[in-house]
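Sequence and computational prediction follow.
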Amino acid sequence: MGKLDLVKVMAELDEDLVVQGVKEQMAAGIPAIEILAQLQQGMEQVGKLYEAGDYYLSELIMSADVFTTAANLLGAALTAGGEQETHGTMVLGTVKDDIHDIGKNIVATILSCNGFKVVDLGVDVPIATFVEAVKTHKPDVVGMCCLLTTAFDIMRDTVSAVKEACPAAKVLVGGGPVDESVVKYVNADGYCKNAYDAVELTRKYSGVK
Amino acid sequence: MTAEERIVASINLEPVDRVVCAPIIEQFAGQFAGISNKEFMWDWDKAQAAIHKVWEAFPVWDSNAYMMYGRYAPVGQKCGPGRLRMPGTELEDNAQYQIFEYETMTRDEYAIVRDKGFMEYRLTFLERAHQVSREEVLAGMKESSRLRDDELARTLARGQSATWGAIMGVVPFDAFSIMRSIDKFYKDMFQIGKDVEELLWIVNDAVIAGAEGAVKATGNNRVFVGAVRGAGQFISLKNFERFVWPYLKVMVNKLAEKNIVPILHCDADWTKNLEYFLDLPKGKFVLELDSATDIFRAHDILKGHCSIKGDVSAALFTVASPSELDEYAKKLMTTFKNGEGLLYSSGCNMPMNSKFENVKAFFDAIEKYGRYN
């Protein structure tokens, strides 16, 4: 390990020091995968701080941004080490007729930073695209977002089609107007009020301790 | 009591003859009237006729929390709050309109706000967000003012109060967040916090000045001010105390000095922030909640201090049964006692796809649980 405690500065969201630490370790010949592991440990601490109520969504967003900057520095060195191991896979998208992407993007980034593979289908995603994606990627979890109440019906149809195509996958839903009653209405398995709920529930359904 | 007397008394925390009924009807009206949302968003007279039909069916609706004049497509796509995708053009004919947010403003452009003022930069933002010329933005604003006056006149003509005279946009924190996009602005907050603090004051002054102008123009001393992204759901209390609260407190106090009542339209979950509102002047503002904040906790903390508007949720209008909605309405109207200032409302907008029987249950609840005389 270099001079800087990368785990600590990552958890403290200090972008300058994280970048400095990554560069120092790369120069010292530490394998990219080991540097990445430290960044991920820092992200786990961010998650714990969030759980404790010390960090909020804004800190989660900031942490994801710092993590992405640092991981980009590792770039080619990371790819050369072969495909990274992930905790599990989520297929994610905003359902058809809804183009909102802020919440979905936050969930995608934070899940990725926490070691999950995210297959992001984008916004206004047709049912058939979700179905094809779950058949291809066999995810542990499918995440669906919407900000429009007019998308509840299409979300229900999408959940139904996804469950038929991939019965093993758990379906999580979230977005501004979604609450527990909407979860029931669309027959989903869980409700994410925020991005960290998505991390926790994806951990649970992927069997990650 | 007249509708105006009723809302004024409620805000002043005085007894009323019945609870004020002030949902944000918007796009539901078009569906209720049997027209497509394309017609509703693009044809002003049809939209206003549809809204009138809702009132004819439910005359207990006594306070119009109107906002069509800023959303109506020909105006909204020139000077609306962000890039709007509309039914009939970018979306299907009966789709709900949607706001597309992206990083419209760069970090470097804070310098323009500092040098030339917020309103000047706001025009640049609108040009860019809507991809129109400065002249088109200004023409849109002029037309929007004309439509506001029309919407206000129609509201008063049918005996309703106008819940607010004008929409003053959002608190400074949200203004920058919308222009920069949520993730970029949170990053600014962490990385260039001192600069952000200074810039937020510039926006605050502009919002206060705008509110004064709007009150003069409409003759109504109530203004809508939105707030979402500074809620305790999203940022820590430490950052709230640094980037949100000082501005909001100064804004409400300065408006109160001028006898202007801000309706603080607080979407998302503000439960962690509720006690701060005790520091605002008693009876001089309204806290509007969208159902994400625990309104009953808000009542516990703020009863006797401010009027609260809310908060029948979108889910209750769209996926629940009428009896479930009725039960919630009963809980609301029996929790808030007469003189505690409840403005009974949808939590944010009444969804466009609300079920008719649920909407009926919403309005019927006023006579069942909200009448005191």
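All right, it came through fine.

Nearest residue to residue B:28 in space, please, no chain neighbours.
Setting aside the residues directly before and after it, residue B:28 is nearest to residue B:350 in space (C-beta to C-beta, 6 or more residues apart in numbering or on different chains), at 4.6 Å. Quick note: C-beta positions are derived from backbone N, CA and C, even for glycine.

my bad, residue B:340
Distance criterion C-beta to C-beta, 6+ apart; nearest residue to residue B:340, sequence neighbours excluded, is residue B:303 at 5.1 Å.

Can you pull the residues of chain A lying near chain B?
Within chain A, the positions near chain B by C-beta under 8 Å from any C-beta of the partner chain are A:13, A:15, A:54-59, A:61-62, A:65, A:97-100, A:102, A:105-106, A:147-150, A:152, A:177-179, A:181-182, A:184-185, A:194.

Which PyMOL command selects the buried ones in those?
In PyMOL syntax, the buried subset of the residues of chain A next to chain B is picked out as below (16 or more other C-beta atoms under 10 Å in any protein chain shown):
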select buried, chain A and resi 13+15+55+56+57+58+59+61+62+65+97+98+99+100+102+105+106+147+148+149+150+152+177+178+179+181+182+185+194
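
so of the residues of chain A next to chain B, which ones are in helices?
Taking DSSP state H, the ones among the residues of chain A next to chain B that sit in helices are A:15, A:57-59, A:61-62, A:65, A:102, A:105-106, A:152, A:181-182, A:184-185.

what kind of secondary structure is residue B:311 in?
Following DSSP: H, G, I helix; E, B strand; the rest coil, the label given to residue B:311 is strand.

Show me the beta-bridge partners of it.
Per DSSP bridges, the residues bridged to residue B:311 are residue B:345.

Near it, how many other residues are there?
25 (other C-beta atoms under 10 Å in any protein chain shown).

any low-confidence regions in chain A?
Confidence mapping of chain A against pLDDT under 70 gives the ranges A:1-2, A:78-84, A:209.

Can you give me every residue that contacts the most centrally placed residue in it?
Per C-alpha atoms, centre = their mean, the C-alpha nearest to the average position across chain A is that of residue A:111, at 1.7 Å. Contacts for residue A:111 were tallied using C-beta atoms under 8 Å, 6 or more residues apart in numbering or on different chains; they are A:90, A:92, A:118, A:195, A:198-199, A:202.

separation between residue B:77 and residue B:142?
Residue B:77 sits 15 Å away from residue B:142, going by C-beta to C-beta, to the nearest Å.

Pick out whichever of the contacts of residue A:111 sits closest to chain B.
When the contacts of residue A:111 are compared for distance to chain B (C-beta to the nearest C-beta), residue A:195 wins out at 10.7 Å.

The one helix or strand residue B:248 maps to and chain A in contact?
Using DSSP states H and E, residue B:248 sits within helix B:245-257. No - on the criterion C-beta under 8 Å from any C-beta, helix B:245-257 is out of touch with chain A, staying 14.9 Å away.

can you pull the buried residues of that helix?
Across helix B:245-257, burial judged by 16+ other C-beta under 10 Å covers B:245-248, B:251-252, B:254-256.

Now do it: everything it contacts.
Residues contacting helix B:245-257 (C-beta under 8 Å, 6+ apart): B:171-173, B:200-201, B:203-204, B:207-208, B:211, B:223, B:225, B:227, B:261-262, B:264, B:273, B:276, B:279-281, B:284-285.

Strands along chain A, start to end?
For chain A, the strands defined by DSSP state E occupy A:89-94, A:117-120, A:141-145, A:170-174, A:190-192.

Please identify the most buried of those.
Mean neighbour count (mean count of other C-beta atoms under 10 Å in any protein chain shown) peaks for strand A:141-145 among the strands of chain A, with a mean of 29.

Contacts for it, please.
Strand A:141-145 is touched from outside by A:88-95, A:98, A:100, A:103-104, A:107, A:130, A:134, A:155, A:158-159, A:162, A:166, A:169-175, A:188, A:192, A:198, A:201-202, A:205-206, with contacts defined as C-beta under 8 Å, 6+ apart.

what pairs with it, and is each one parallel or antiparallel?
strand A:89-94 (parallel), strand A:170-174 (parallel).

what's the domain layout of chain A?
Listed domain ranges for chain A are A:6-80, A:89-206 (source: automatic domain parsing).

Now do the end-to-end distance for the last one.
Read it as domain A:89-206. Using C-alpha to C-alpha, to the nearest Å, the end-to-end distance of domain A:89-206 comes to 8 Å.

Now find how far off-centre that domain is within its chain.
In terms of C-alpha atoms, centre = their mean, to the nearest Å, the centre of domain A:89-206 is set 11 Å apart from its chain centre.

Check the residue of the stretch 51-200 of chain B found nearest chain A and give its pLDDT.
Using C-beta to the nearest C-beta, the single residue of the stretch 51-200 of chain B nearest to chain A is residue B:186, 4.2 Å away. We note a pLDDT of 93 for residue B:186 in this prediction.

For the stretch 251-373 of chain B, which segments count as helices?
B:295-302, B:314-318, B:322-335, B:356-369 (DSSP state H, counting those that start in this stretch).

most neighbours per residue, which of those helices?
Per residue and on average, the most neighbours among the helices of the stretch 251-373 of chain B fall to helix B:314-318, with a mean of 25 (mean count of other C-beta under 10 Å).

hmm, it touching chain A?
Yes - under the criterion of C-beta under 8 Å from any C-beta, chain A is reached by helix B:314-318 at B:314-318.

From the contact counts, what lies against that helix?
When contacts are defined as 3 or more C-beta pairs under 8 Å, 6 or more residues apart in numbering or on different chains; DSSP states H and E, helix B:314-318 packs onto helix A:180-186, helix B:322-335, helix B:356-369.
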